[in-house]
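K.L.:
requesting a structural model of the entry that follows:
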Amino acid sequence: MADVTLEGWVQVGTLSELPDPSSQLVEVGDALLVLIHAAGHVYALDDVCTHDGGPLSEGPIDPAGLTISCPRHGAKFSLTDGAALTMPATKPTRSHAVRIEDETIFVRLCEE
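P.N.:
Numbers count the residues shown, from 1 in each chain. Reported below is the predicted structural model:
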């Protein structure tokens with residue numbers, strides 16, 4: 001579904017498909033990402049809790065705190081950089097670059 005564009009940017013959706021606040025599971029190459037629209041910004045994280053592999057795309061979003069929580073054990077991750085903010089997660093999840101052009105959302109995978 002994602003279209004590859006120049007410089008590694010991949011089209012993953014539109015703002016109209018991703019209301020604020022909400023999240024959506026997207027596939028970019030071999031990676032599953034959670035695309036999150038919160039507090040007027042769009043973020044992209046690996047769809048994996050680093051504690052036990054839970055799907056972050058199924059967890060609640062806190063737009064005020066800019067976090068997403070794992071639905072399994074409640075570990076919270078920063079939307080801005082994927083940092084693990086609460087136990088039981090101690091390692092960050094990968095964060096990816098997002099850009100928006102004319103309401104279209106593009107993601108570029110981070111190569112950590």
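
K.L.:
what about Arg99, how many neighbours?
P.N.:
11 (other CB atoms under 10 Å). Where C-beta positions appear, they are placed from N, C-alpha and C, glycine not excepted.

K.L.:
in the helix or strand it falls within, which residues are buried?
P.N.:
For Arg99, the host element (DSSP states H and E) is strand 95-101. Buried residues in strand 95-101, counting neighbours by 16 or more other CB atoms under 10 Å, are found at 95-96, 98.

K.L.:
after it comes which helix or strand?
P.N.:
Next helix or strand after strand 95-101 toward the C-terminus (DSSP H and E): strand 104-108.

K.L.:
would you give the sheet partners of that next one, along with the direction of each?
P.N.:
strand 10-14 (antiparallel), strand 95-101 (antiparallel) (DSSP bridges).

K.L.:
who does Ala38 form a beta bridge with?
P.N.:
Bridge pairing for Ala38 - DSSP bridges - gives His41.

K.L.:
and it, what does it touch?
P.N.:
By CB atoms under 8 Å, 6 or more residues apart in numbering, Ala38 lies in contact with 20-21, 61-63, 66, 79.

K.L.:
what pLDDT does it get?
P.N.:
On pLDDT, Ala38 comes in at 98.

K.L.:
Glu7 - that's part of a helix, no?
P.N.:
Yes - counting by DSSP: H, G, I helix; E, B strand; the rest coil, Glu7 falls inside a helix.

K.L.:
which residues touch it?
P.N.:
For Glu7, the contacting residues are Arg108, by CB under 8 Å, 6+ apart.

K.L.:
any idea how far it lies from Ser69?
P.N.:
33 Å (CB to CB, to the nearest Å).

K.L.:
do Leu85 as well
P.N.:
Counting by CB to CB, the gap from Leu85 to Ser69 is 9 Å.
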